[in-house]
Structure formats: C-alpha cells, structure tokens
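1. Sequence and predicted structure are below.
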Amino acid sequence: MANPKSSHAADSGSARQAKYGATAALYVLIIIAVLVLINWLANRYNKSFDTTANKRYTLSEQTAKIIKDLKGDATITYIDRTAAFDQARGLLDRYKNLSPKIKINYVDFAKDPTVARSYNVKFPGTAYVEIGGKREEAKSFTEEGITGAFIHAIKGGTKKICFVQGSGEHRLDETGPSGLSDFKNSLVKENYEAVSISLLERPEVPADCTVTVVAGPQYDYPQPEVDALQKYVESGARALFLVDPPLKMGKTNISENPALHKLLDSWGVTANDDLVLDPSPLGQFFGIGPQVPLITAYETHPIVADLHAATGFPLAESLTIQNKGKASVQKLFSTAERTLATSNLAAASVSLDDPKNKKGPFVLAAAGTYSTGKPNSEGRFVVVGNSGFIANNFIGFNANNDLAMNTLNWLASDEDLISIRPKQAEDRRLNVNAAQMRVFLWLVLIALPVFIIGAGISIFLKRR
C-alpha cells in the first residue's frame with residue numbers, strides 16, 4: 001500500500017519544480033524581450049556619448065551646421081581595400097547619423113578598378129563628396145578634410161581674400177612665428193583663395209578682391225593707399241583692419257599710421273594708442289603674461305555669437321567706438337574690468353601698479369557697416385586692436401582661429417559657415433622618466449601579481 005505522505009511530498013516537489021521552471025522561463029523571456037527592445041531602440045535612435053576630454057569622436061558645430069543645412073542628397077564615397085572599411089566607418093557613420101540625406105558608398109579599388117579609376121584615385125584611403133553632380137576630393141581622411149570637401153562642393157568657385165603688403169604687415173606665406181601661413185591654410189580649407197597685393201605702386205584695390213585684409217602694418221600708409229581703402233569700403237566692399245599699438249620697445253618700432261587711423265576714426269572706430277594689460281591669474285594657466293589680454297565673454301554679433309572659448313591678443317590696443325555719419329559700428333567684445341591700459345609705449349617693461357594706468361573694460365574689436373545709399377550693397381568692415389592673434393604662434397590658441405575665420409565669413413557674406421570648426425587631435429601622451437618607469441615595473445609586473453596570488457592562496461586555505 002502506497003504511503004500517502006511520500007506521495008504528497010512527491011507532488012509538492014513536482015509542483016515546486018514546475019513553479020521554478022515557469023519562473024525561470026518567465027525571466028528568460030523578460031530578458032530576451034528587454035534585449036530585443038534595446039536593440040530596436042539602438043537601431044532606431046543611434047546615439048553615442050563621447051567622454052574623451054577633447055571630444056575626439058564628436059563632429060564639430062561647423063560640420064553639423066553644414067550637413068543639416070543641405071538642400072539635397074549628398075554621397076561620401078570611400079575608396080580603399082575592403083579590410084580597411086571597418087576602420088573608416090567610425091568617422092563616416094558620424095556624418096551619416098547627422099542627416100538622412102547623407103549616403104555612404106564604399107569602393108574596393110582592387111575589386112572595382114573601373115569605378116576607382118573614374119574617381120582618378122591617387123592613393124587608397126581617399127574620400128570623395130558628391131553633391132548635385134559636383135564632386136570634391138577630401139584633402140585628408142579627417143573631419144577637417146571631409147567637411148572641407150563639403151564646403152567646396154556647396155560653394156563652388158573660390159572667393160579671393162587680398163592681404164595688403166609693403167608696409168611691414170604680417171606676410172601671407174611666411175612660416176615663422178609672425179607669419180600667416182597657418183591662417184592661409186585655414187582660408188584655403190574653406191574655399192577661399194588668399195593672395196598678396198600692393199597698393200603702393202597702384203593705389204587701387206583689385207575688383208576681384210572679395211575681402212581686403214590690413215594685417216598689422218608697422219609703417220605709415222601714404223595717403224593714396226588710404227584713399228584706395230576708403231573708396232573700396234565706401235563703394236560697398238569689405239575689409240578687415242588689424243592695428244597694433246605704436247610700440248617703441250627695443251627693436252620694435254611701430255609707426256602711429258595717422259592717415260589710416262584718421263580713416264577708421266571717420267567710420268566711428270578710434271585706436272587709443274595704448275597697451276592693454278590683463279593681470280588675471282587665468283593667464284598663468286595658459287602660460288601667458290599680462291601683455292596678452294584674454295577674452296571669455298562676447299557680444300551677440302554673428303561673428304562671435306557662437307564663441308564660447310577664450311581668445312588671446314598679444315600686445316593689443318583698445319578702441320573707442322561710436323556711430324558716425326553713414327557708418328554704424330557694433331562692439332564684438334571687451335576685456336574684463338580687471339584689465340588696465342598703459343600709454344607708456346616706450347618702456348622696456350610694463351608696470352601693473354602704475355597709477356597712470358587706465359582701468360578697464362576696454363573694447364578690443366568692432367564690426368561696422370557703411371551705407372552706400374544703394375539696396376543690398378552696404379560696405380562692411382571689422383577693426384581689431386591687434387594683429388598678432390592671427391599669426392602662426394597664436395592662431396592655434398583656443399578659439400583664435402574660429403574668431404579669425406568667422407570674421408572673414410561675415411565679411412565675405414558667408415554667414416552660413418560661421419561656427420566652431422574641427423579641432424586638431426590633441427597629443428595626450430604620458431611622459432615618464434626612468435625612475436617612474438621603475439616604479440611602474442615593480443607595481444604592475446611584480447607587486448600587484450604577487451598580491452593577487454597571495455590573496456588567492458589565503459582564501460583557499462581558509463575555505464579548507
């Protein structure tokens with residue numbers, strides 16, 4: 001005769017097993033459903049988070065602005081070996097994620113030599129941007145190169161930026177610290193042509209100059225040269241004036257340039273012939289002295305509205321602005337209240353404690369328009385109390401290049417290009433000496449493994 005207790009126990013055990021099995025199956029189904037949902041959301045909403053210090057895996061504001069403003073479809077064609085496609089997808093997919101108008105096309109030049117030849121490929125790993133039947137080659141497989149190709153394809157023909165030479169200005173092709181070769185490269189990347197002109201032999205700005213730049217003359221401009229610049233702007237053209245304080249320190253001897261300053265004054269911008277000093281400890285963080293005033297706050301003008309990082313101006317003078325005659329002037333930015341200005345421009349060194357120093361804030365840059373009386377033909381001009389901020393040794397300082405390029409964009413009526421540009425990848429290597437390497441050797445290769453092995457043996461013995 002069967003024992004009813006054992007039968008009941010068996011039934012209870014079976015019921016518990018069925019319950020646990022059902023619960024486990026439910027958990028498995030829930031986990032599978034969650035994973036399916038996560039994958040569905042990931043495919044539908046492709047989002048990523050860049051936690052690198054310099055936002056290495058995030059496209060710049062300028063790139064995002066250009067891509068989102070596309071009027072039609074665009075194709076990026078990448079030509080390389082199939083094995084290299086995965087490495088390229090990281091950058092190209094970031095472009096694709098910005099807009100559904102972006103299509104990515106991969107071509108293996110070995111498997112499809114005819115297609116590759118039609119692109120006139122010079123070397124593998126090259127990208128091409130095609131918009132509305134126009135094709136542009138990216139100068140490099142970087143964000144800077146690809147975005148530059150987009151700009152060339154969208155804008156078409158180049159605009160000419162003319163730099164006045166002949167009176168000690170910064171030289172366009174000079175690669176030294178005071179040259180403008182890096183600035184020239186930035187212009188070329190945004191579809192501008194940078195050329196040098198002289199107004200000494202023939203005092204007339206060439207008609208094909210979209211913008212004319214006066215980049216820190218050290219010597220006086222003769223009146224015919226100034227008259228040519230005045231006629232140029234007042235007839236509806238565009239110009240950038242970068243003026244420096246008339247320093248007389250050591251070998252530095254910058255003329256006061258009265259004729260040029262008189263012209264700027266007639267448009268409502270007066271150069272004050274002083275040297276702005278910034279005693280902020282923030283300068284020490286950047287490794288610069290008080291002779292480089294820092295700007296961290298900007299006005300609402302399109303040139304500076306998107307700037308959020310600091311800009312620096314080595315050996316700058318202050319400006320006084322007012323609307324005058326047919327010219328309307330707007331401040332771009334001023335120094336902080338802590339800044340000072342000295343009129344002692346011949347001293348070997350400057351003193352922050354001189355009671356004769358003027359107290360800030362001081363205007364360092366202004367943008368203006370000149371009414372020609374004709375519709376849609378106003379003249380534009382920008383005056384900055386410093387030219388060194390675009391030189392090779394300072395153009396890479398924080399947002400200096402963005403400020404310089406935004407200024408040229410506004411003057412050339414390319415407001416759609418005004419933004420924050422791609423940054424060069426930072427070199428964030430870890431530099432250690434021999435003693436530090438020995439410490440790492442002992443800690444990582446010896447001490448840490450010995451500690452882990454000892455801990456394991458100790459736990460094993462305790463459990464036994």
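-> Right, received. Where do you want to start? Numbering: from 1, shown residues only.
2. alpha carbons only for contacts and neighbour counts from here, please
-> OK.
3. Going by neighbour count, list what's buried in stretch 346-361.
-> When burial is assessed from 16 or more other C-alpha atoms under 10 Å, stretch 346-361 yields the following buried residues: V350, N357, K358, K359, G360, P361.
4. pLDDT averaged over it - what is it?
-> Taken as a whole, stretch 346-361 has a mean pLDDT of 86.
5. does K324 really touch S266, like I thought?
-> Yes: assessed by C-alpha atoms under 8 Å, K324 is found in contact with S266 at 6.9 Å.
6. The closest residue to P314 other than its chain neighbours: neighbouring residues, count only.
-> Closest residue in space to P314, ignoring its immediate chain neighbours: V292 at 4.3 Å, by C-alpha to C-alpha, 6 or more residues apart in numbering. Taking other C-alpha atoms under 10 Å as the neighbour definition, V292 ends up with a count of 21.
7. What score does V292 have for pLDDT?
-> Note for V292: predicted pLDDT of 95.
8. how near is it to S387?
-> Using C-alpha to C-alpha, to the nearest Å, we find V292 at a distance of 12 Å from S387.
9. coming back round to it: so which of the buried residues of stretch 346-361 comes closest to W410?
-> Using C-alpha to C-alpha, P361 is the member of the buried residues of stretch 346-361 that lies nearest W410, at 25.4 Å.
10. For the stretch 201-350 of the chain, which segments count as strands?
-> Remark: strands assigned in the stretch 201-350 of the chain by DSSP state E, counting those that start in this stretch are 209-215, 238-242, 269-271, 275-277, 294-295, 311-312, 319-321, 327-334, 340-342.
11. right, so the ones you listed: which one is the most enclosed?
-> For these, the stretch with the most neighbours on average is strand 275-277, a mean of 28; neighbours defined as mean count of other C-alpha atoms under 10 Å.
12. other SSEs contacting that one?
-> Using 3 or more C-alpha pairs under 8 Å, 6 or more residues apart in numbering; DSSP states H and E as the contact criterion, the elements in contact with strand 275-277 are strand 340-342.
13. pLDDT (mean, whole number) over the strand it packs on?
-> So the average pLDDT for strand 340-342 ends up being 95.
14. List the strands paired with that strand, with their directions.
-> Using DSSP bridges, the strands paired with strand 340-342 are strand 275-277 (antiparallel), strand 358-359 (antiparallel).
15. could those strands go into TSV alongside distance to E190?
-> Conversion of these to TSV gives the following (distance: least, C-alpha to C-alpha, whole Å):
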stretch	distance to E190
strand 275-277	32
strand 358-359	39
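16. circling back to that earlier point, any chance of TSV for the strands of the stretch 201-350 of the chain, columns distance to I288?
-> Putting those into TSV (distance: least, C-alpha to C-alpha, whole Å) gives the following:
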stretch	distance to I288
strand 209-215	22
strand 238-242	21
strand 269-271	24
strand 275-277	12
strand 294-295	10
strand 311-312	9
strand 319-321	22
strand 327-334	19
strand 340-342	16
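17. out of those, nearest to G21?
-> Once the strands of the stretch 201-350 of the chain are compared by C-alpha to C-alpha, strand 311-312 is nearest, at 66.5 Å.
18. average pLDDT for the closest one?
-> Within the predicted structure, the mean pLDDT of strand 311-312 is 96.
19. Show me what that strand is in contact with.
-> V292, P293, L294, I295, T296, F389, F394, F397, N398, A399, N400, L403 (C-alpha atoms under 8 Å, 6 or more residues apart in numbering).
20. Kindly report the same for stretch 397-413.
-> Counting by C-alpha under 8 Å, 6+ apart, the neighbours of stretch 397-413 from elsewhere in the structure are 183, 186-187, 210-211, 238-240, 302-304, 307, 309-312, 380-382, 389-390, 394-395, 415, 417-421.
21. Narrow the contacts of strand 311-312 to those in helices?
-> Here DSSP state H is the test, and these give N400, L403 as lying in helices.
22. Contacts for stretch 168-187 next, please.
-> Contacting residues not belonging to stretch 168-187 are listed as 163, 165, 193-196, 214-219, 388, 390-393, 395, 401, 405 [C-alpha under 8 Å, 6+ apart].
23. And that stretch, what's buried?
-> When neighbours are counted by 16+ other C-alpha under 10 Å, the buried residues of stretch 168-187 are found to be 169-173, 178-184, 186-187.
24. which one of those sits closest to L59?
-> S186 (17.6 Å).
25. Confirm that closest one sits in a helix?
-> Yes: if the criterion is DSSP: H, G, I helix; E, B strand; the rest coil, then S186 is within a helix.
26. how close does it sit to N406?
-> Counting by C-alpha to C-alpha, the separation of S186 from N406 is 11 Å.
27. go on, K134?
-> 26 Å.
28. Pull the contacting residues for T142.
-> T142 makes contact with L91, according to C-alpha under 8 Å, 6+ apart.
29. Pretty sure F394 sits against S387.
-> No: under the criterion of C-alpha under 8 Å, F394 lies out of contact with S387, with a separation of 10.1 Å.
30. Could you tell me which ranges of the protein sit under the pLDDT cut-off?
-> Where the chain drops to pLDDT under 70, the residues are 1-16, 42-57, 420, 422-432, 464.
31. picking that back up, now the buried members of the contacts of stretch 168-187.
-> For the contacts of stretch 168-187, burial is judged from neighbour counts taken by 16+ other C-alpha under 10 Å, and it is met by 163, 165, 193-195, 214-219, 388, 390-393, 395, 401, 405.
32. what are the ranges of the strands in the stretch 1-150 of the chain?
-> Per DSSP E, counting those that start in this stretch, the stretch 1-150 of the chain carries strands over the ranges 74-80, 102-108, 126-131, 134-137.
33. Tell me which of the ones you listed approaches A88 most closely.
-> If you check each of the strands of the stretch 1-150 of the chain against A88 by C-alpha to C-alpha, strand 74-80 wins as the nearest, at 8.2 Å.
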